Every structure is written in structure tokens, then in C-alpha cells.
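Student: this one's sequence-less:
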């Protein structure tokens with residue numbers, strides 16, 4: 001009957017007959033009889049696992065110390081390798097050398113350390129399979145309950161050298177193998193494949209005294225497979241440059257995706273993980289936006305979210321432009337793609353570092369700024385090359401063919417002042433800026449600009465008046481006074497209602513392409529109320 005105990009303590013799912021037989025057996029056992037009285041206690045008995053041994057082999061040691069000390073306090077046996085073993089022993093932490101299990105030293109210049117049945121048997125052995133336990137005992141293979149492994153820095157090496165020998169040596173073999181093995185056997189093991197999970201593991205060890213639930217182990221396994229997948233994609237892309245780049249997934253996790261092209265022609269990636277499908281879409285939007293300001297004498301900072309501009313400002317310094325861009329909509333900026341036309345200095349990096357963002361694109365980064373921004377391993381930093389904004393005309397596949405079009409070049413084809421008065425110099429500058437911003441919002445789009453700062457926007461709406469209402473609501477949400485602000489619309493006003501609502505909110509200058517059969521309605525309202533209106537003759541629909 002000992003097989004029942006093995007099976008139940010493993011956390012496996014049992015068939016009904018085996019479960020019934022366990023109950024019969026348990027009825028004659030005092031301790032087990034107590035357990036089955038409470039279903040939750042029974043489930044915990046089945047699903048909880050206590051860590052009694054750990055294998056640690058990492059390239060980066062930062063953040064490892066508190067975990068290792070916690071393991072030692074819990075009396076957990078630690079197996080380790082090479083540099084990791086030395087690091088731990090220097091901290092006064094007792095380790096068992098992996099070589100004592102394999103009976104082989106690290107060979108072939110460190111290429112072979114852990115690739116051995118004594119290690120992989122301890123990871124892959126199923127504690128709920130009696131035959132596995134028999135074989136592990138026969139071959140003196142210890143059970144391993146926790147695997148902490150990170151991978152050689154392949155992507156980081158690519159960014160620092162083009163020497164193939166150095167790059168090839170950073171292709172990890174044992175690391176991904178151990179991670180995959182531990183993740184596969186999540187019913188029995190915890191696997192930590194990235195230092196981003198160190199904090200949660202430390203908390204788990206402290207609060208649960210080394211015990212883990214099946215849900216926790218499965219969650220760590222899912223993250224581990226993601227890490228290995230991303231690593232393999234980076235290696236594949238290295239060996240297949242400029243042909244196609246397999247992405248982790250498409251717009252959603254259940255969609256596959258491939259990028260065809262060579263991003264190294266546009267950027268030098270200084271930090272971070274592989275660009276995802278959604279990253280690439282937003283990066284394209286960001287680059288298209290910032291190239292509009294390539295000739296600007298001032299610094300422009302833009303924030304992109306789901307291809308829309310959610311913050312942008314022009315100021316004398318890069319730090320001032322960042323502050324103003326963020327103030328336009330600090331909520332939407334979370335998780336966005338950032339882009340600017342000036343060098344990132346340390347004071348700006350310190351400010352940017354306070355929020356979570358996916359990607360930062362700039363023509364250059366100061367070294368002390370990079371030191372700040374690289375504190376987040378997955379944060380993507382792209383240095384835009386001088387000719388990097390030269391992107392080909394857009395195309396998309398639809399129906400049973402491919403649709404191509406020319407790029408939406410330019411801001412306006414004419415400047416017709418048709419309102420009740422001429423624009424002031426300040427209004428003209430803001431209207432020009434507003435029209436560019438509006439061009440980079442999804443239709444129907446309205447952009448509200450004040451002092452070269454986006455203070456409200458409405459985009460992707462099915463009616464222009466809804467886009468305006470949304471823009472005004474956004475401005476009020478962040479306490480902007482719209483008196484003196486200007487309004488840009490990506491297409492004509494079909495009625496005078498938008499101009500009237502904007503005027504009631506404090507705006508007195510408008511820019512739009514014109515072209516409606518009822519243009520005169522908006523023009524007449526501006527004339528009657530002494531408002532400025534410019535018609536550009538150039539529509540900027542964006543679908």
C-alpha cells in the first residue's frame with residue numbers, strides 16, 4: 001500500500017478506483033484518517049510539496065544572496081556548479097558540488113557540466129511513479145525539488161560584439177535543458193528561470209517555509225518555457241539574419257507571427273528582450289511620428305500606446321519635453337513606447353526610470369543614462385540610426401490580395417485662413433504642431449494642443465463629435481485649462497457642432513482639411529464668433 005502514499009504525496013491526479021482504494025487503506029491508518037476528514041486538508045496533503053533540495057547554476061549572481069540564505073535557514077540541500085558554487089561558499093553557504101554527483105569535472109572548456117543522468121534524473125524523476133523511484137534509488141540519483149538557472153547572455157553578447165566565436169560560446173546548452181526538464185516536471189519541482197522571479201521565490205520560501213502548491217509550480221513552469229522560447233528565437237534569428245524573424249507570438253498569444261526584414265538597418269538595440277509583434281507595431285508608429293520633427297530646433301518627446309500618440313510635447317530641453325509629454329496623460333503612458341529626437345541624458349533617464357514602459361527610442365544615449373535605464377533587464381532601448389526613419393510605403397494583406405499605398409507625407413498643402421480673423425503667430429505654431437499630432441491618431445481623430453503640448457485627444461471614434469468629447473474629457477481629467485488651446489481634426493467637420501462645442505470649452509483656433517459640402521456652416525460660426533480657422537486641403541485619415 002506504500003504506492004498510495006507516493007502517489008498522493010506527489011500531487012498527481014488519481015483515477016476514481018485508485019482514490020477509492022486509498023480511502024479503504026486510509027481507514028486503517030490513524031494519521032491518514034484525520035486527513036481525509038477535511039477535503040481541503042486532503043487536497044493540501046496531495047498538492048503541497050516541500051522543497052528539500054535545490055540546484056543553483058546562474059550566470060548573474062545579483063539578487064541570489066537572500067534566496068540562498070533562506071534556503072540554508074530552511075535546511076535545504078544546495079547543489080551548485082563552478083562560479084555559482086564559489087559565490088555561495090564565499091557567503092558562508094554550504095554547497096554540494098555537482099561533480100560529486102556526476103563524478104565528472106567540468107570539461108570541454110565548461111561546455112559540459114550538468115549534462116548527466118545524475119542531474120537530469122534528479123530533475124525529471126517522477127515522485128508519483130514507483131518505477132522512477134526504484135531506478136533513482138538503484139542509481140543513487142538524488143531528488144531535486146528546486147532548480148534556479150539563468151541562461152548565458154546571448155542577446156547581450158550580440159549587442160557588444162560581432163565576433164562569432166564569442167557569440168557561439170554564449171549559446172547555452174545545459175541551462176535551457178535543465179529549465180525545460182524542471183518545467184516539464186512541475187508536479188514535483190519549482191523552476192526559476194529569470195532573476196525577475198527571485199523576489200516572489202524569496203517571499204514564498206519565507207511565508208510558506210519551503211512548501212509550494214501545484215498552482216505555484218505550474219505558474220513558474222509557464223514562465224520558464226517563455227524564457228527558453230525567447231532565448232531560442234534570439235539564436236534562430238542570429239543564424240537567419242534578414243530573412244525572417246520568428247516572434248514569440250502575434251497580436252495575441254494564440255497567434256503565431258514572423259517579421260520579415262532586418263531591424264539592424266534602423267536600430268542598434270542596447271538593452272532588453274526581443275521585440276514582440278505589438279512592440280514592432282508601436283515602434284513603427286513612434287518612428288513615423290518622430291521623423292516629422294527631424295528638422296526641429298527644439299526637443300520633442302512622444303509617447304505611443306496602441307499606435308496612438310497619448311503624449312507629446314516640444315520644449316527647449318529633452319527633460320522638459322519628457323515632463324510635458326507625460327503630464328498630458330500619465331495614465332496612458334504606462335507600458336507605452338517612448339520616442340524622442342534628442343540624446344537621453346542622465347537627468348532625463350532618472351525621470352523616465354520612474355515609470356514602466358516597454359521601449360525607448362532615441363538617436364543617442366549618454367553612458368550614465370544607459371546605466372540607469374539598463375537596471376531593468378527586459379526594458380528595450382533602441383538607438384535610432386541617422387537614416388533609420390526612412391521606412392518604406394505601407395502595405396497590408398487583405399481579402400485575397402495585398403493593398404499598397406504611398407506614405408502620408410506632409411502636413412498641409414495650403415494654408416487658407418477662412419475664419420473670422422487671422423491666426424496669431426502663437427496660434428499658427430500650435431496649429432501646425434496640432435495637425436502633425438492629429439495625423440498620428442486613429443480616425444476619427446481630434447488633437448487639442450496648448451503651448452506645444454498635447455492636452456487632450458480623441459481617437460478611433462466612429463463619429464467626429466465623439467472624438468471631440470473624448471478629447472475634452474481627457475483634458476479636464478488632467479486639469480488642463482482649454483482657454484487658448486487649439487484644435488486639429490484629421491478630416492473635415494460635417495457640421496458646425498464640433499466648432500461650437502470646442503468654442504464653449506475655451507478654444508478659438510481650428511485646423512482641418514476642409515472638403516465638406518457643409519464647410520460653410522463651420523466657417524460661418526467662426527466668422528460670427530471671431531474665431532480663427534485654417535483649411536489645409538490635406539486629409540490625414542488613419543485606419
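Tutor: Cool, got the structure. No experiment lies behind these values; they were computed from the predicted model shown. Residues are numbered from 1 along each chain as shown.

Student: for the helix ranked longest in the chain, what is the average pLDDT?
Tutor: For the chain, the longest helix by residue count, based on DSSP state H, is helix 214-239. Mean pLDDT, computed over helix 214-239, is 89.

Student: For it, buried residues please.
Tutor: 214, 216-217, 220-221, 223-231, 233-235, 237-238 (16 or more other CB atoms under 10 Å). Where C-beta positions appear, they are placed from N, C-alpha and C, glycine not excepted.

Student: what packs against it?
Tutor: helix 154-160, helix 174-184, strand 190-192, strand 245-246 (3 or more CB pairs under 8 Å, 6 or more residues apart in numbering; DSSP states H and E).

Student: ok, and what's touching the first one?
Tutor: Outside of helix 154-160, the residues within contact range by CB atoms under 8 Å, 6 or more residues apart in numbering are 166-167, 170-172, 231, 234-235, 238, 268-271, 273-274.

Student: would you list every one of the helices in the stretch 251-400 of the chain?
Tutor: 277-290, 318-328, 346-352, 367-373 (DSSP state H, counting those that start in this stretch).

Student: From the contact counts, what lies against the first one?
Tutor: Read that as helix 277-290. Secondary-structure packing of helix 277-290 (3+ CB pairs under 8 Å, 6+ apart): strand 299-305, strand 308-315, strand 336-340, strand 357-362, strand 380-384.

Student: Contacts for the longest one, please.
Tutor: Among residues not part of strand 308-315, those counted as contacts by CB under 8 Å, 6+ apart are 285, 289, 293, 296, 298-304, 320-321, 323-330, 332-333, 336, 433, 437, 440-442, 447, 452-454, 457, 459-460.

Student: any chance of the helices and strands packed on helix 277-290 in JSON lines, plus mean neighbour count and mean pLDDT?
Tutor: Below are the helices and strands packed on helix 277-290 laid out as JSON lines (neighbours: other CB atoms under 10 Å; pLDDT from 0 to 100):
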{"stretch": "strand 299-305", "mean neighbour count": "26", "mean pLDDT": "96"}
{"stretch": "strand 308-315", "mean neighbour count": "25", "mean pLDDT": "96"}
{"stretch": "strand 336-340", "mean neighbour count": "27", "mean pLDDT": "96"}
{"stretch": "strand 357-362", "mean neighbour count": "23", "mean pLDDT": "96"}
{"stretch": "strand 380-384", "mean neighbour count": "22", "mean pLDDT": "95"}
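
Student: Now residue 322: closest residue in space that isn't a chain neighbour?
Tutor: Nearest residue to residue 322, sequence neighbours excluded (CB to CB, 6 or more residues apart in numbering): residue 301, at 4.7 Å.

Student: Run through the residues that contact the one you found.
Tutor: Counting by CB under 8 Å, 6+ apart, residue 301 touches 311-313, 315, 318, 321-322, 324-325, 338-340.

Student: Same question for residue 412.
Tutor: For residue 412, the contacting residues are 432, 435, 511, 534, 536-538, by CB under 8 Å, 6+ apart.

Student: Quickly note the distance from residue 233 to residue 273.
Tutor: Per CB to CB, to the nearest Å, residue 233 is found 10 Å from residue 273.

Student: Kindly report the same for residue 543.
Tutor: Noted for residue 543: a distance of 30 Å to residue 273, by CB to CB.

Student: More neighbours: which of those two?
Tutor: Between residue 543 and residue 273, counted using other CB atoms under 10 Å, the more crowded position is residue 273 (19 against 6).

Student: what's near enough to touch the more buried one?
Tutor: For residue 273, counting by CB under 8 Å, 6+ apart, the contacting residues are 155, 230, 377-378, 380.

Student: ok, 6 Å please
Tutor: residue 378 (CB atoms under 6 Å, 6 or more residues apart in numbering).

Student: So for it, what pLDDT did the model give?
Tutor: pLDDT, residue 273: 89.

Student: what about stretch 77-93, average pLDDT?
Tutor: Stretch 77-93 carries an average pLDDT of 89.

Student: Would you work out how far apart the start and end of it are?
Tutor: Start and end residues of stretch 77-93 are separated by 10 Å (CA to CA, to the nearest Å).

Student: now stretch 291-309
Tutor: 14 Å.

Student: And stretch 241-256, by the same measure?
Tutor: 19 Å.

Student: contact partners of it?
Tutor: Stretch 241-256 is contacted from outside by 230, 233, 237, 257-260, 262, 276-277, using CB under 6 Å, 6+ apart.

Student: where in the stretch 251-400 of the chain is pLDDT low?
Tutor: Residue ranges of the stretch 251-400 of the chain with pLDDT under 70: 387-392.

Student: What is the distance between stretch 140-154 and the centre of its chain?
Tutor: 26 Å (CA atoms, centre = their mean, to the nearest Å).

Student: Could you report the neighbour count for residue 283?
Tutor: By the measure other CB under 10 Å, the count of residues near residue 283 is 25.

Student: I'd like the distance between it and residue 456.
Tutor: Using CB to CB, residue 283 is found at 25 Å from residue 456.

Student: same question, residue 95
Tutor: According to CB to CB, residue 95 stands 59 Å off from residue 456.

Student: Between these two, tell me which one has more neighbours.
Tutor: Legend: neighbour count by other CB under 10 Å for residue 95 and residue 456, higher for residue 456 (27 against 22).

Student: Next up, the contacts around that one.
Tutor: 448, 471, 474-475.

Student: out of the residues you listed, who's nearest residue 107?
Tutor: Using CB to CB, residue 474 comes nearest to residue 107 of these, at 62.8 Å.

Student: Phi, psi for the closest one please.
Tutor: Phi and psi for residue 474, reported as degrees, to the nearest 10, are phi -60, psi -40.

Student: Tell me which residues touch it, please.
Tutor: Contact criterion CB under 6 Å, 6+ apart gives residue 456 as the residues in contact with residue 474.
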